[in-house]
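Peer 1: Following is a predicted model, sequence given first.
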Number of protein chains: 4
Amino acid sequence: MSGNKIGEMFNVTTFGSSHGTALGAIVDGCPAGLELSRDGIQAELDKRRPGTSKITTPRSEKDQVKILSGIFQGKTDGTPIAAVVQNRDMKSSAYESLKNTPRPGHGDYTWKARYGHYDYRGGGRGSGRVTIGHVIGGAVAKKLLRTLNIKVLAHVTQVGNIKAQKIDFSKINSEITDFNENSDEMNEFNEIKRNIEKNSVRCADLEAAEKMENLILSMKENGNSVGGIVETLVLNTPAGLGEPVFDKLDADIAKVLMGIGSVKGVEIGEGFRSAELSGSQMNDEFYINGNNVKTKTNRAGGILGGISNGMPIVARIAVKPTPSISKLQKTVNMKNMEDAEIEIRGRHDPCICPRVTTVAEAVMAITIADHLIRGGFINPCKLSM
Amino acid sequence: MSGNKIGEMFNVTTFGSSHGTALGAIVDGCPAGLELSRDGIQAELDKRRPGTSKITTPRSEKDQVKILSGIFQGKTDGTPIAAVVQNRDMKSSAYESLKNTPRPGHGDYTWKARYGHYDYRGGGRGSGRVTIGHVIGGAVAKKLLRTLNIKVLAHVTQVGNIKAQKIDFSKINSEITDFNENSDEMNEFNEIKRNIEKNSVRCADLEAAEKMENLILSMKENGNSVGGIVETLVLNTPAGLGEPVFDKLDADIAKVLMGIGSVKGVEIGEGFRSAELSGSQMNDEFYINGNNVKTKTNRAGGILGGISNGMPIVARIAVKPTPSISKLQKTVNMKNMEDAEIEIRGRHDPCICPRVTTVAEAVMAITIADHLIRGGFINPCKLSM
Amino acid sequence: MSGNKIGEMFNVTTFGSSHGTALGAIVDGCPAGLELSRDGIQAELDKRRPGTSKITTPRSEKDQVKILSGIFQGKTDGTPIAAVVQNRDMKSSAYESLKNTPRPGHGDYTWKARYGHYDYRGGGRGSGRVTIGHVIGGAVAKKLLRTLNIKVLAHVTQVGNIKAQKIDFSKINSEITDFNENSDEMNEFNEIKRNIEKNSVRCADLEAAEKMENLILSMKENGNSVGGIVETLVLNTPAGLGEPVFDKLDADIAKVLMGIGSVKGVEIGEGFRSAELSGSQMNDEFYINGNNVKTKTNRAGGILGGISNGMPIVARIAVKPTPSISKLQKTVNMKNMEDAEIEIRGRHDPCICPRVTTVAEAVMAITIADHLIRGGFINPCKLSM
Amino acid sequence: MSGNKIGEMFNVTTFGSSHGTALGAIVDGCPAGLELSRDGIQAELDKRRPGTSKITTPRSEKDQVKILSGIFQGKTDGTPIAAVVQNRDMKSSAYESLKNTPRPGHGDYTWKARYGHYDYRGGGRGSGRVTIGHVIGGAVAKKLLRTLNIKVLAHVTQVGNIKAQKIDFSKINSEITDFNENSDEMNEFNEIKRNIEKNSVRCADLEAAEKMENLILSMKENGNSVGGIVETLVLNTPAGLGEPVFDKLDADIAKVLMGIGSVKGVEIGEGFRSAELSGSQMNDEFYINGNNVKTKTNRAGGILGGISNGMPIVARIAVKPTPSISKLQKTVNMKNMEDAEIEIRGRHDPCICPRVTTVAEAVMAITIADHLIRGGFINPCKLSM
């Protein structure tokens, strides 16, 4: 009810802000019996951590997570998993000048309108740093999905006007029957994954990745920033996930993805392109494959009538350019209620897309995990042993 | 939790299916003291009613609503408002042949995967007819918004590849200080509204509207269908609406819009175009206008950091072509688990966009009403008198 | 969030008031595949119906239920079950004099404080008549429990100072292994049930029942009323029902029972008597019975640490005397804000306990059904077939 | 949904177990602008802390709380308040022998039934130690209530068969118009408060308190334990708190109080005694007092029709004797599925009532705070300044 919780049966409540003492999350509703260690969560946090390449913010945070509860003898015990990350490299002074002058494109002004004040130190809880909580929750969710061999993957498909070559995940899926990490059938998927890890932009198309990186660096040099598109994929979900009418799987996905800071659009499958298609172009025809009903095309993006159909779930988000730019901008002084100007210093990512991939994977994993439990695909209390 | 409820403080629970006895909704959390009559709700239902023009389905339903509770002496009394619409013109026989062969692009197959069966009569609860419940809830919400002079409007901006001229709502808003229906300042807005009412496509650009109508009719003649884009606008919301982090206003809007059947994409403000912009192009600069903080541009679409900034809220949705087409399609027979073919008869809209406008307005109004109460802008128990 | 919904996964939203058009409920979250008919629901409503004996209100309502949705070919289809009962025998005129003078012991004054007005016609939504919604929900829940042979039973154990002989349900349970309706082991339980049906007070002790009936009739003649105690029993729940810490099974039971109008106390197992016991007197020792862990005593009332232990769940509620009495009482005139007097006419039950039994069974069944689904004991989407 | 959260608008999510790393809570939905310090929370924790008198467990925990988020410049900032307490004096070895033999009267067996295992170290999350989370939440809630001069107080009224003299809080309330801490009219209330602080039993009747202490000590010497009754009072709530039908104020109070470990009964106002009363004895008559409607008696315990009437809210709970006793008891060995015996060592409170008072105050304060926001009595975003 207060906006800091996501999920129903499998749910994550987060806390903390950019320049406070600590950030973290309580993951509740994870069944007992799941093998879980601090290291598994740390690995995900390391992926979203700042200061790891020349295209991210130079703010240097180790982001070491500490688990406070919920694990007993190496496994979840059915109680809430609380995990905390301390803030360390805080330079609040850089923000003192922002006390009364809200930054264009940021939540400073709206936060003030709502709460009567705003935390001018790095955006407070409006900062991208709060996604540490998302990633903690996502790390647990991913571990849970792994028990069913469900894969979640996000990659950057566009930065500014540079577009990566499209990957046709439907083809991958209709041919796969063994989704084990090491199965031969997963080779193509695993190669995509490896390519994404190879470059700082997290783009599967290595040629495009290089161009994207150059574009980002040139924007950075100009004190400007640039937007992009991130695609998220979930492979091997069972058919039948999603509540009808209001809590449809695509509705819940749209909510969690749009809720990521800087996201201005969400589309599933063909998305906005479907506006231009005819019914005969859009419909995915069914066919029998062994004992399964499948579709050769996947224009629906894995969801029909709000419920998963077993094909890859494909969602894309539009990420706006980071609003923190060092160019002079017009704003207002809210104390004196007069026009003002602002130059933003601080430390920022010139393109937030690469780091958004980890967050997108996290909220997608949480949503799928939640619906797996809500739909009876995973026992809510304990994993079968 | 079961997908048939929307909203928290102001919430709507719906029931009913395409070929069952009745459809309806319970609207709960509407404060006492709101003038409300059956006619107000009926007027909204008439807008979404089928059979009203040559581009909608010929299914003829009067859709007369009956209010069962929640109104005392012409006003809401703070108790749940239950409203019901009986089904009448049901031709279930047209659907008998669909018992085992799921229609491509529809929820038949996924519904069966989830519930072990599917209601093959017109899609059952997966039918667009269930939006009667949405519209009932939206009618009450709109009435509540009217007490604060908040306007909600949806119109068709694209059908197939025909695009209407863009309306710059930010310009409208930055100049308006008196949002009363009859104020001179509202002239431009009122004219847009009148234009939308003038044509069956519900497009504000009358020239484009004619082309759209022709395209829709030609698709219909070919037994095909076509998609499009619907834009929804909310004018005069206060700044400060929306919970941070997960229940952001744009996140909740994305959820309710994506939850409408056939919607494959949602974008706010610049939406997917923001992927190609730089920060200096995207940011809306602030300025002082009388006692208010405003922005001249509105690329953010009225929402910053997940909270409304007082500028018009602008959301667009991609609507896929109606999956019910009369062309022969490949599908499967789920009883025999073998490949099959299907020709869909029944009665359908060749383009669902015009009727989606009413539903989009409804869920948007519900979401805004809910956040107005959650944010303390409207008393949850009674309107001030 | 607005108080008209109960349950999470299996949930019931109700509407309607004493003198409005209709009352009813939407039951959501019931899995598909449950055999359900109008008659099953009607049978439960008949049990709570007024005007059936000389100790209940003479208001004569047929309370014929109509099902609007959720059933397809004789079974639930996984969509919301909406059911409605029309009001007929409404004598609102009897209440006109109550417009400004709240009845002592009723919710008139507090409702006015909250909503700015109150429905003076029979208490509006504060009336006992709203439990029609509870009973509809309970009827569906009971049907669901029957698939697991779980029995719910409520009976009157005390009226004024007349107490029925205590029934030791723990003894019943520790000896039963076959909970089928027709099994020999259920004989004792079935006899209790038959005795309850035999008398208008719904008391299993037939001697006490006669005395209770006489007491109630004498209170009625004097224009007064009397309170009592209702005990509710649930037999054959699995061990493991209930969420820890806040949504404990006993916590949820306490909530739904205390929420019944006129209830002023709830106790589980030994209840208030446990205050006077020592640990060695209170603890139920465990023993092995076949393949099960059981306890011979059941002072805990079937719940330990908030989770069911497989023994009978035993809850008792204190029901206050009906506040509507015809004796002259002091009250206030809220219009003139001055002291006033009141004589309540209308038609009322001199003791509400017998009719509360049906409502207590209903909310208990709903709560158990909800926790069965939440705990993974029943599939949330479809019954196994 | 997973049992670790309480409250809707003002809500508390807790985590941690008896012998894990840490325990704590996230308090969400507290409006911005409330003065709050670590010390205010610590003071409440000190009241529930073990090892402070000879009648509590000798486990010695400093229970030093650390606040991780939600406070900015000495005031709440509208974001989640996370607070943590580290475990220190853990003697897990004392519990090794309990691995397979569930303790009678504890949740060990039921926890195992639900989660497939149980944390045998001090009850894990079933331990009374988890109420640290409750008390953190309660401390914030009390601070919020103080802005409206609302007082919450719990005291022990019975231990075993020793009963304290009854305090008639209704009398206090009908005479008070100034509820400031320092007003003369609050003298009687303040004296009761001081008396409670004077003795380790937390009983307002000092003579009875001495007898209670002696009884507790004698039970302790015998390796046994004893139950009791705790009464909780809320003074100066406005009329109008509580949702109708299912989320009634008394229903929510019943839930949170019954949810406290060891509680087996809850009653409001006359509670179980109302079963024996007639309507004319039970009803509280209204009268005008200045500009207010009041009642001279308070048999209703401050709640009518589920909504507060402005009189003191009075709730009593039955607390069972601590199940951990050192006498030999029969149990089962769940590994071998055979009968067994158990002697519980560890460190325990022979009577838990004195420490329950702090927890009862906490959950009561949380519930009132939540309903104050839900009813529009406190702005959900920011305190008026």
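Peer 2: Thanks, I have the structure now. Numbers count the residues shown, from 1 in each chain, chains lettered A, B, ... in the order given.
Peer 1: Which parts of the stretch 101-250 of chain A are helices?
Peer 2: When secondary structure is read from DSSP state H, counting those that start in this stretch, the stretch 101-250 of chain A shows helices at A:108-115, A:131-146, A:169-175, A:187-198, A:206-221, A:249-258.
Peer 1: what about residue A:306, how many residues close to it?
Peer 2: Neighbourhood size, residue A:306 [other C-beta atoms under 10 Å in any protein chain shown]: 28. (Each C-beta comes from the backbone N, C-alpha and C, glycine too.)
Peer 1: and the helices of the stretch 101-250 of chain A, which is most packed in?
Peer 2: helix A:249-258 (a mean of 29; mean count of other C-beta atoms under 10 Å in any protein chain shown).
Peer 1: Just the CA trace of stretch A:345-359, in PDB.
Peer 2: Presented in PDB, the C-alpha positions along stretch A:345-359 are these (Å, rounded to 0.1, in the frame of the first residue of the first chain):
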ATOM      1  CA  ARG A 345      27.600  18.000 -10.800                       C
ATOM      2  CA  GLY A 346      27.700  14.800  -8.800                       C
ATOM      3  CA  ARG A 347      28.600  11.500 -10.500                       C
ATOM      4  CA  HIS A 348      26.200   9.900 -13.000                       C
ATOM      5  CA  ASP A 349      25.900   7.300 -15.700                       C
ATOM      6  CA  PRO A 350      25.700   8.900 -19.100                       C
ATOM      7  CA  CYS A 351      23.500   6.000 -20.200                       C
ATOM      8  CA  ILE A 352      21.700   3.900 -17.600                       C
ATOM      9  CA  CYS A 353      20.700   1.000 -19.900                       C
ATOM     10  CA  PRO A 354      23.500  -1.400 -19.100                       C
ATOM     11  CA  ARG A 355      22.800  -1.200 -15.400                       C
ATOM     12  CA  VAL A 356      19.100  -1.300 -16.000                       C
ATOM     13  CA  THR A 357      19.500  -4.800 -17.400                       C
ATOM     14  CA  THR A 358      20.200  -6.300 -14.000                       C
ATOM     15  CA  VAL A 359      17.200  -4.500 -12.500                       C
END
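Peer 1: May I see the buried residues of it?
Peer 2: Neighbour counts over stretch A:345-359 (16 or more other C-beta atoms under 10 Å in any protein chain shown) mark A:346-359 as buried.
Peer 1: Give me the subset of these lying in helices.
Peer 2: Taking DSSP state H, the ones among the buried residues of stretch A:345-359 that sit in helices are A:353, A:354, A:355, A:356, A:357, A:358, A:359.
Peer 1: Give me the contact list for stretch A:372-384.
Peer 2: Residues external to stretch A:372-384 that are found in contact with it (C-beta atoms under 8 Å, 6 or more residues apart in numbering or on different chains): A:8-10, A:29, A:31-34, A:78, A:144-145, A:147-148, A:238, A:240-243, A:369, B:1, B:114, C:9, C:240, C:374-376, C:379-381, D:114-117.
Peer 1: Could I get the buried residue list for that stretch?
Peer 2: Neighbour counts using 16+ other C-beta under 10 Å place A:372, A:373, A:374, A:375, A:376, A:377, A:378, A:379, A:380, A:381, A:382, A:383 of stretch A:372-384 among the buried residues.
Peer 1: Please report the distance of the closest residue to chain B within the stretch 251-385 of chain A from residue A:268.
Peer 2: Distance from chain B to each residue of the stretch 251-385 of chain A (C-beta to the nearest C-beta) is smallest for residue A:305, at 1.9 Å. If you measure residue A:305 against residue A:268 using C-beta to C-beta, to the nearest Å, the figure is 12 Å.
Peer 1: these two touch, right, residue A:159 and residue A:230?
Peer 2: No - under the criterion of C-beta atoms under 8 Å, residue A:159 makes no contact with residue A:230, lying 10.0 Å away.
Peer 1: Quickly list what's touching both of those two.
Peer 2: residue A:353.
Peer 1: Where does the prediction get shaky in the stretch 51-200 of chain A?
Peer 2: Scanning the stretch 51-200 of chain A with the threshold set as pLDDT under 70 gives A:51-52, A:58-59, A:89-94, A:169-174.
Peer 1: What parts of it come near chain B?
Peer 2: Residues of the stretch 51-200 of chain A lying close to chain B by C-beta under 8 Å from any C-beta of the partner chain are A:102, A:104-111, A:113-114, A:123, A:125-126, A:130, A:158-161.
Peer 1: Residue A:248: neighbour count?
Peer 2: Residue A:248 has 26 neighbours, counted by other C-beta under 10 Å.
Peer 1: what's the closest non-adjacent residue to it?
Peer 2: Closest residue in space to residue A:248, ignoring its immediate chain neighbours: residue A:306 at 2.6 Å, by C-beta to C-beta, 6 or more residues apart in numbering or on different chains.
Peer 1: just residue A:16 next, same as before
Peer 2: Distance criterion C-beta to C-beta, 6+ apart; nearest residue to residue A:16, sequence neighbours excluded, is residue A:23 at 2.9 Å.
Peer 1: Spit out the contact partners of that neighbour.
Peer 2: With contacts defined as C-beta under 8 Å, 6+ apart, residue A:23 is in contact with A:14, A:15, A:16, A:17, A:84, A:85, A:87, A:129, A:130, A:132, A:133, D:69.
Peer 1: how does it look with 10 Å?
Peer 2: Applying C-beta atoms under 10 Å, 6 or more residues apart in numbering or on different chains, we find residue A:23 in contact with A:14-17, A:63, A:65, A:83-87, A:125, A:127, A:129-133, A:136, D:68-69, D:82.
Peer 1: Then residue A:331?
Peer 2: By C-beta under 10 Å, 6+ apart, the residues touching residue A:331 are A:98, A:100-104, A:106, A:108-109, A:339-342, A:344, B:283, B:285-287, B:293, B:295.
Peer 1: my guess is residue A:359 meets residue A:135, correct?
Peer 2: Yes - with contact defined as C-beta atoms under 10 Å, residue A:359 and residue A:135 form a contacting pair (6.5 Å).
Peer 1: who touches both of those two?
Peer 2: With C-beta under 10 Å, 6+ apart applied, the overlap between the contact sets of residue A:359 and residue A:135 consists of A:47, A:48.
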